[in-house]
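Asker: I would like the atomic coordinates for the input below:
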Amino acid sequence: MDKIILRIKELREEKELTQMQLAKELGFSRNTISQYERGEREPDFQTLKKLCDFFEVTSDYLLGFEDL
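Answerer: As a prediction, this is how the structure comes out:
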């Protein structure tokens, strides 16, 4: 899961979003996004799908199995 930590933060920063802005877009709390980025929490399947849809990437990319 280490790769997903880096990818979420990287994708968020590429879109020039704060954690709060991303959380609002996805309907999460800022704390949830922060926990994902620090590796304190792992997204469940539905959350993973929301993240992939929002960032327009595959789950394989987000999980670190492939590069863009």
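
Asker: what's the spatially most central residue of the chain in contact with, if anything?
Answerer: Centroid-nearest residue in the chain, with Cα atoms, centre = their mean: Ile8, separated by 3.4 Å. Ile8 is in contact with Ile33, Tyr36, Glu37, Leu51, Leu62, counting by Cβ atoms under 8 Å, 6 or more residues apart in numbering. From N, CA and C alone the C-beta is placed, and that goes for glycine too.

Asker: How far off centre is the helix or strand harbouring it?
Answerer: If you go by DSSP states H and E, Ile8 is part of helix 2-14. The gap between where helix 2-14 is centred and where its chain is centred comes out at 6 Å by Cα atoms, centre = their mean, to the nearest Å.

Asker: in the helix or strand just after it, what counts as buried?
Answerer: Sequence-wise, the next helix or strand downstream of helix 2-14 (DSSP H and E) is helix 19-26. If you call a residue buried by 16 or more other Cβ atoms under 10 Å, then helix 19-26 has these buried ones: Gln19, Leu22, Ala23.
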